[in-house]
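Undergrad: need the 3D shape of this:
(2 chains)
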Number of protein chains: 2
Amino acid sequence: MELRGACIFGQSGGPTSVINASAYGVFKAALESGSITRVLGAAHGIKGVLNDRLYDIAQEDLKELELLKNTPSSALGSCRYKLKDASVDDTDYKRILEIFKKYDVRYFFYNGGNDSMDTCNKISKYMQSVGYECRVMGVPKTIDNDLYGTDHCPGFGSAAKYIATSCMEIYQDAYVYDTGAVTIVECMGRNAGWLTAAASLATMQGAGPDLIYLPEVAFDLEKFMADVERIWKEKGNCFVAISEGILDKDGVFIAEYGQKDVKADAFGHKQMGGAAAYLAQAVKERLGAKTRAIEFSLLQRCGAHLASKTDVEEAAWMGAEAVKAAIAGETDKMVAIERAEGEGYKPQVKLVPLTATANTEHKFPVEWITEDGAGIKEAFAAYAMPLIQGEPDYAWENGLPRFAKLKKVLVKE
Amino acid sequence: MELRGACIFGQSGGPTSVINASAYGVFKAALESGSITRVLGAAHGIKGVLNDRLYDIAQEDLKELELLKNTPSSALGSCRYKLKDASVDDTDYKRILEIFKKYDVRYFFYNGGNDSMDTCNKISKYMQSVGYECRVMGVPKTIDNDLYGTDHCPGFGSAAKYIATSCMEIYQDAYVYDTGAVTIVECMGRNAGWLTAAASLATMQGAGPDLIYLPEVAFDLEKFMADVERIWKEKGNCFVAISEGILDKDGVFIAEYGQKDVKADAFGHKQMGGAAAYLAQAVKERLGAKTRAIEFSLLQRCGAHLASKTDVEEAAWMGAEAVKAAIAGETDKMVAIERAEGEGYKPQVKLVPLTATANTEHKFPVEWITEDGAGIKEAFAAYAMPLIQGEPDYAWENGLPRFAKLKKVLVKE
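TA: Numbers count the residues shown, from 1 in each chain, chains lettered A, B, ... in the order given. A predicted model of the protein is given here:
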């Protein structure tokens, strides 16, 4: 049954290279839809709804909206804002309802990872509980690839391509002297090792890490030292990839070994970083080797010049499919990707209940980790290689990136 | 007068994205030359000569040699080996002469920066002193752009493009939350600020650092704090670029503020790093701001996927010109680039005496630094923009880089 009204789209959580491609997918489909009467973009995710800061997307140039496909990060601004349970405190929900009524919002699209799907789910359930008709759809996004219910997550393929390519380039550099060195790269991934595993794609090309450690296996400093020493003695060099979130059997982050007062964010997450630096120093002291720690830091999630074209296209597609499904009557779901059976990579859309995705982490399969806990099996490459294919149509202007320039006109009632 | 004989080409010093493009230029011109009877590549620069480890380049596939143009780092291996003055100890020189005689080497091409030109110069002068006829030519290479006698140095344009593009991408990411953050990026450049200045190209696109500090101006921690605090209060965010080599008025590296036992290499250089981390911590304590330190680390010099096409082409061209000049009778010189007068960017070759280039550093012009010491004037952009133009013909294979695969067949007499 047709539901007419405005839509709000919001971006939430950590940036990726392709979150704006999903925004483009949502905007294009929504602007072209007869049912959606007005397309609004929330400034800084749900905070923009709470603060009544909504952009009128119809005011934007179509050419600039198209440039969103290759503009990294969140063009509308993002947030890390945790909604309380409505049963505990429904202040925020009442405010969101007020804004929805003010603009006759009947479609709500929220783009993010685990925490954002939690937000999306809570809003969906609240609107149901108060009988306000609004179709709520989640659009998946996270470089971490740890979102439950989808084969993979837009954002992951690009970050994986960044990591694999960068490892191959660093390999060229790290082995250039005959004096040897131990190089340790640190990848993002607080609890799930998907991104760090992408370093193994470089290894399969003969130019990647010798050792790879994910948070799914308890990290043992003594075993690590023995692994490094063995490779070092064998090859005169050693290249290691670790996840920022590796932790020992007692649950202590290796990053915390060298750093005492790590603060937690609103979701109880601690800001990681520093594990590679700690380990590089430890190896230097033990082996006397020249060591170098490299954190891929923000560029692994915002280096859009090295995005995967497959990922960019899938991100835009997921956005469009969320709109299409909502117009067709779906609600309370997240759009997701599954692989069609048969030969070759054929992605197809499926819808997953928001309740199922919210706050459920999809960890890296332990059966894809080698028995010694320091490598990745080829089954992962079969999974990941299709996701890093193709180079993006990055817009260069005078030797530098040309990102989308949005006017961001605040909507009036 | 024609001089017939073999040539040796060696790569020396820190990697760049385009040093192999120069190798390609040398190899192609040398292989096509009637005067050069055999083309040899030294394994790990001058060490390969001393150790009699020389590759027979004629054994390589031409297709693989072409791939060198977009393969970062030094495909033959590099070294940081300092030749003693021949007047103090001529052991190495005698050995080099022995190898030159063994293979009838009449052409020696050495690709590197300041220290490598010192090596090249010493060998040239020694061969003259003993009356061994050999034409010696330097081929410039350094991301630092601090080589004397050339308008700019192959390697710089690509590293500058990497830094400017990455700054623009990080800008998108760093400003995504409305909670604010201070982001500090650290660029290479031990004594010269050229690379760090490249961050200003992003600023001129409206998406770069607010503050830029080069080693050419004495760094004052209190002034820095005041600068950051001012921007932070004004914008709620602050983006800073620093050179790894910034140092205070007493000549103490800021990186050393937080790190005591920094060791020096064979040339007396200290391995830098850590200045951004130190400053980020200091800002966090002072302002209570969320801070993030990002080191561009190795990728700024080996991220060939983000090389400048202009730079790749000039690097290959310099290699070819060195061969051409030597065959025409030149020796004891470095090939260099100068800009032709008139409108537009028109690079042309010039030859510079090796004596003049060796160990002379070309610093960033202080008149291009703003009066407050925390910014770069537009005159630099006029200089640098032509050097970052164009994207390279990077070879992708199945979603990942396809680098040159050399056979590296050791030559027999």
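
Undergrad: how about A:Lys350, secondary structure?
TA: strand (DSSP: H, G, I helix; E, B strand; the rest coil).

Undergrad: ok, now how distant is it from B:Tyr81?
TA: As defined by CB to CB, to the nearest Å, A:Lys350 lies at a distance of 60 Å from B:Tyr81. All C-beta atoms are positioned from the backbone trio N, CA, C, and that covers glycine.

Undergrad: and these two? Which one has more around it.
TA: Remark: of A:Lys350 and B:Tyr81, B:Tyr81 carries more neighbours, 21 against 14, as counted by other CB atoms under 10 Å in any protein chain shown.

Undergrad: just the helices in the stretch 201-350 of chain A please.
TA: Counting by DSSP state H, counting those that start in this stretch, the stretch 201-350 of chain A has helices at residues A:221-235, A:254-257, A:275-287, A:299-302, A:309-327.

Undergrad: closest to B:Glu397 out of those helices?
TA: Nearest of the helices of the stretch 201-350 of chain A to B:Glu397, taken as CB to CB: helix A:309-327 at 14.7 Å.

Undergrad: what packs against that closest one?
TA: helix A:19-32, strand A:105-112, strand A:135-140, helix A:156-174, strand A:333-339, strand A:347-353 (3 or more CB pairs under 8 Å, 6 or more residues apart in numbering or on different chains; DSSP states H and E).

Undergrad: one more time with 10 Å
TA: strand A:5-11, helix A:19-32, strand A:36-42, strand A:105-112, strand A:135-140, helix A:156-174, strand A:333-339, strand A:347-353 (3 or more CB pairs under 10 Å, 6 or more residues apart in numbering or on different chains; DSSP states H and E).

Undergrad: packing partners of the fifth one?
TA: Just to be clear, that refers to strand A:135-140. Against strand A:135-140 (3+ CB pairs under 10 Å, 6+ apart) you get strand A:5-11, helix A:19-32, strand A:105-112, helix A:114-129, helix A:309-327, strand A:333-339, strand A:347-353, helix A:354-357.

Undergrad: redo the ones you listed as a markdown table? Include mean pLDDT.
TA: Listed next are the helices and strands packed on strand A:135-140 as a markdown table, based on pLDDT from 0 to 100:
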| stretch | mean pLDDT |
| --- | --- |
| strand A:5-11 | 98 |
| helix A:19-32 | 98 |
| strand A:105-112 | 98 |
| helix A:114-129 | 96 |
| helix A:309-327 | 98 |
| strand A:333-339 | 98 |
| strand A:347-353 | 97 |
| helix A:354-357 | 92 |
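
Undergrad: reformat those as a markdown table; add distance to A:Asn237.
TA: What follows is the helices and strands packed on strand A:135-140, written out as a markdown table (distance: least, CB to CB, whole Å):
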| stretch | distance to A:Asn237 |
| --- | --- |
| strand A:5-11 | 42 |
| helix A:19-32 | 37 |
| strand A:105-112 | 40 |
| helix A:114-129 | 38 |
| helix A:309-327 | 32 |
| strand A:333-339 | 37 |
| strand A:347-353 | 38 |
| helix A:354-357 | 42 |
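
Undergrad: among those, which is nearest B:Ser166?
TA: Nearest to B:Ser166, of the helices and strands packed on strand A:135-140 and by CB to CB, is helix A:19-32 at 17.7 Å.

Undergrad: which parts of that closest one are buried?
TA: Of all the residues in helix A:19-32, those buried under the rule 16 or more other CB atoms under 10 Å in any protein chain shown are A:19-31.

Undergrad: same deal with stretch A:393-408?
TA: Neighbour-count burial for stretch A:393-408 [16+ other CB under 10 Å]: A:394, A:399-401, A:403-404, A:406, A:408.

Undergrad: where does the residue positioned nearest the centre of chain A fall, secondary structure wise?
TA: Residue closest to the average C-alpha location in chain A (CA atoms, centre = their mean): A:Thr142, at 1.7 Å. Under DSSP states H and E, no helix or strand contains A:Thr142.

Undergrad: in space, what's closest to it - neighbours in sequence excluded?
TA: A:Gly113 (3.4 Å; CB to CB, 6 or more residues apart in numbering or on different chains).

Undergrad: same question for A:Ser116.
TA: Using CB to CB, 6+ apart, the closest residue to A:Ser116 is A:Ser12 (3.8 Å).
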